[in-house]
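Chemist: What follows is a predicted protein model with its sequence.
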Amino acid sequence: MGDSDFRHGSFRQILKASFAVLGLAAFATGCVDEDTVFNDRPFGDDPPASAGGFLGYVQGEAGQPTCAQCHATPSSNWTLTAHADAWNTLQDSGHAQEFCEGCHTVSQLGNSATEAVGWTATGDSRYVDVQCESCHGAGETHVADPEASQPLASLAVGEDLTNGCGECHNGTHHPFVEQWEMSKHSEVIGFAASRLECAGCHRGQGTLLAWGVRGPYVEQFSEEPLAVVCGVCHSPHDDTFEGQLRFPVRTPDIQLHLCARCHNRRSVADPNSSHGLAPHAPEAELLIGEAGWIPPGSGLALGSVIATHGSSSNEKLCATCHVAMYTVTDEATGAFEFQSVGHTFDAIPCVDETGIPNGETDCAVSTAERSFVGCVDSGCHSTEDGAAAILNVRADFIRTGAEILLALLEQVDPNLDEPGGEIDATVATFTVAEGGFFNYSLATHGGEVYGSTTHNPPWIRALLEASIVAVEAEYGVSIP
């Protein structure tokens, strides 16, 4: 399918066509799938009239959602998740309070109901735990006529929504949605989300499709793109991987790692692309030294330099630093103030005066304005001050190398990557200057050198030094 085909067809049509190709078109209109078991057994007692049509557990038997009598496989998988034991988790916590119960039961939270239903309306034990209906909504009408009523869960996330994950996963103890809204994952880049070749990472529906998630869910065929919402990375039904993630993060293998499925795109120069001189999401391969242009005669080889952050010593790779959780307490009293859950996805987030991440990105790289807790809690560094000092020293080396390389490239081609001259992605011939420019861009990816410094400082330094030598030799220029 070419660009013109994409422009003249809606994304909804394209998604449906993709499902049809996969033999999954039935999911566009109904809920019948290979996991559905038609069942003529009784569904238990009728729910209380005030329950809003929510069914809960069969006969109030814990662990047996009414939905499980037909939807056997997802329900069986659900029993292994934390949602399936949410009520006992609350009661065993030592600080159970009535206002907590709505999020540990089937209630109006997490679905489209707006008034008290389920547990909050009845106090009936059949509604304890976060069951299917907590997200999908009332099941009574669906049971009566499965084809006419499809209680689909919504994956949309936001503090202002009255359904979805955000109704429970928020607040000072578990501010997942609040921190997510500070992150880049919450942003939809319109141009990228609208392009089929980019949708696998920039459009939530496209990512789920690429990962084999067939749905159905409310926004599945919507023209409005989902951001990278909770349900993209987390599976509501499956606890195969910790945190109900769809793929593991506790692995040093970037071929398996969840984050690397998107943060692993253009990591080497591509002479055949008009964007080939600009790295795009190169972080995972940079960690293991597989990113960058190898200057001729340098003796360097991809994969030959792996820093500690990309080694087997760092089992969780990206997640170790980028999803660091920590507790903020009052300095004077030691009282709890905030539980940061790492969902800004900043490795060293900017914080306010109390140490709570504030969503800013341009604060000073110091322990006074950022949290380096992840560096210490991971066991890699002994103190936050020490981690900050090492980062800044290494960043200075890389910044100096990048500035020298840029100065040489500006002598060779004052226009740099603008059309014309030695650095021109529109010309098929690949030059030494273009390779050097790619390595400069890799070192300063994201607008600063701290990213490359954190991911693989020795490899970046080696690439910069070799690029400087290659550009000097090829064009007869010298360091100003």
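Modeler: Alright, I've got the coordinates. Numbering: from 1, shown residues only.
Chemist: where along the stretch 151-300 of the chain do the helices fall?
Modeler: For the stretch 151-300 of the chain, the helices defined by DSSP state H, counting those that start in this stretch cover 176-182, 190-193, 199-202, 204-210, 230-233, 283-287.
Chemist: Show me where this protein has its strands.
Modeler: 326-329, 336-340 (DSSP state E).
Chemist: Which one, of these, ends up nearest to residue 239?
Modeler: Taking CB to CB as the criterion, strand 336-340 is the member of those that comes nearest to residue 239, at 21.5 Å. C-beta: built from backbone N, CA, C; applies to glycine.
Chemist: Quick one: list the elements packing against the closest one.
Modeler: Strand 336-340 is packed against strand 326-329, with contacts defined by 3 or more CB pairs under 8 Å, 6 or more residues apart in numbering; DSSP states H and E.
Chemist: Which positions in the strand it packs on come out as buried?
Modeler: Residues of strand 326-329 classed as buried: 326, 328 (neighbour count, 16 or more other CB atoms under 10 Å).
Chemist: again, but for stretch 404-414
Modeler: Result for stretch 404-414 [16+ other CB under 10 Å]: buried residues 404, 405, 406, 408, 409, 411, 412, 413.
Chemist: Surely the fifth one touches residue 471?
Modeler: Yes - taking CB atoms under 8 Å as the contact criterion, residue 409 and residue 471 are neighbours in contact, 6.6 Å apart.
Chemist: pLDDT below threshold where in the stretch 1-150 of the chain?
Modeler: When residues are selected by pLDDT under 70, those of the stretch 1-150 of the chain lie in 1-44.
Chemist: Look at residue 335 and say how many residues are nearby.
Modeler: Neighbours of residue 335 under the rule other CB atoms under 10 Å: 8.
Chemist: just the one 5 residues further on next, same as before
Modeler: Here the number of neighbours of residue 340 (other CB under 10 Å) works out to 21.
Chemist: Same question for residue 355.
Modeler: Using other CB under 10 Å, residue 355 has 18 other residues around it.
Chemist: Show the contacting residues for the nearest residue to it once chain neighbours are set aside.
Modeler: Distances taken as CB to CB, 6 or more residues apart in numbering put residue 328 closest to residue 355, at 4.7 Å, once the chain neighbours are dropped. Contacts of residue 328 were listed using CB atoms under 8 Å, 6 or more residues apart in numbering, and they are 336, 337, 338, 339, 340, 354, 355, 356.
Chemist: same question, residue 249
Modeler: Going by CB under 8 Å, 6+ apart, residue 249 touches 241, 242, 243, 257, 258, 259, 316, 317, 318, 319, 323.
Chemist: The fourth one contacts residue 317, doesn't it?
Modeler: Yes - the pair residue 257 and residue 317 qualifies as a contact (CB under 8 Å) at a distance of 5.5 Å.
Chemist: and the two? which has more neighbours close in?
Modeler: A count of neighbours by other CB under 10 Å puts residue 317 above the other of residue 257 and residue 317, at 29 against 22.
Chemist: Quickly note the distance from that one to residue 259.
Modeler: 7 Å (CB to CB, to the nearest Å).
Chemist: With residue 281 instead?
Modeler: Taken as CB to CB, the span from residue 281 to residue 259 is 10 Å.
Chemist: Pick out whichever of these two has more residues nearby.
Modeler: It is residue 259, of residue 281 and residue 259, that has more neighbours when counted by other CB under 10 Å, with 22 against 16.
Chemist: Chain neighbours aside, what residue packs nearest to the more buried one?
Modeler: Leaving aside its sequence neighbours, residue 259 sits nearest to residue 318 (CB to CB, 6+ apart; 4.1 Å).
Chemist: about what we covered before: of the contacts of residue 328 - the most surrounded one?
Modeler: The residue in the contacts of residue 328 with the most neighbours, by other CB under 10 Å, is residue 340 (21 neighbours).
Chemist: just checking, it touches residue 178?
Modeler: No - with contacts counted by CB under 8 Å, residue 340 stays clear of residue 178, the gap being 10.3 Å.
Chemist: Pull the number of nearby residues for residue 364.
Modeler: The tally of other residues near residue 364 (other CB under 10 Å) stands at 11.
Chemist: let me redo that: residue 422
Modeler: Look at residue 422: counted by other CB under 10 Å, it has 20 neighbours.
Chemist: Mind pulling the model confidence for it?
Modeler: At residue 422, the pLDDT value in this model is 95.
Chemist: isn't it right next to residue 429, touching?
Modeler: No - Residue 422 lies out of contact with residue 429 (CB under 8 Å); the separation is 9.7 Å.
Chemist: State the mean pLDDT of stretch 406-414.
Modeler: The pLDDT scores in stretch 406-414 average 97.
Chemist: How far away from the center of its chain is it?
Modeler: Here the centre of stretch 406-414 is set off from its chain's centre by 37 Å, with CA atoms, centre = their mean, to the nearest Å.
Chemist: From the rest of the structure, what touches that stretch?
Modeler: 416, 421-423, 433, 436-437, 440, 468, 471-472, 475, 477-480.
Chemist: Now the common contact residues for residue 409 and residue 471.
Modeler: Listed contacts common to residue 409 and residue 471 are 433, 436; contacts here mean CB under 8 Å, 6+ apart.
Chemist: give the contact list for residue 140.
Modeler: Counting by CB under 8 Å, 6+ apart, residue 140 makes contact with 47, 53, 54, 55.
Chemist: mind redoing it with 10 Å?
Modeler: Counting by CB atoms under 10 Å, 6 or more residues apart in numbering, residue 140 makes contact with 43, 46, 47, 51, 52, 53, 54, 55, 66, 133, 149, 151.
Chemist: same thing with residue 218?
Modeler: Residue 218 makes contact with 112, 136, 150, 151, 152, 153, 154, 155, 156, 163, 164, 226 under the criterion CB under 10 Å, 6+ apart.
Chemist: mind redoing it with 7 Å?
Modeler: Neighbouring residues of residue 218 by CB atoms under 7 Å, 6 or more residues apart in numbering: 152, 153, 154.
Chemist: now do residue 89
Modeler: Per CB under 7 Å, 6+ apart, neighbours of residue 89: residue 82.
Chemist: Could you number the chain from 58 rather than 1 from now on?
Modeler: Will do, 58 is the new start, and the previous item becomes residue 146.
Chemist: State the distance from it to residue 389.
Modeler: Residue 146 sits 31 Å away from residue 389, going by CB to CB.
Chemist: how close does the closest residue to residue 258 other than its chain neighbours get to residue 289?
Modeler: Once flanking residues are discounted, residue 258 sits nearest to residue 319: 4.0 Å by CB to CB, 6+ apart. Here residue 319 is placed at a distance of 10 Å from residue 289 (CB to CB).
Chemist: Which one of those two is surrounded by more residues?
Modeler: For residue 319 and residue 289, the more surrounded residue by other CB under 10 Å is residue 289, and the numbers stand at 23 against 19.
Chemist: so who does that one touch?
Modeler: Residue 289 is in contact with 261, 264, 265, counting by CB under 7 Å, 6+ apart.
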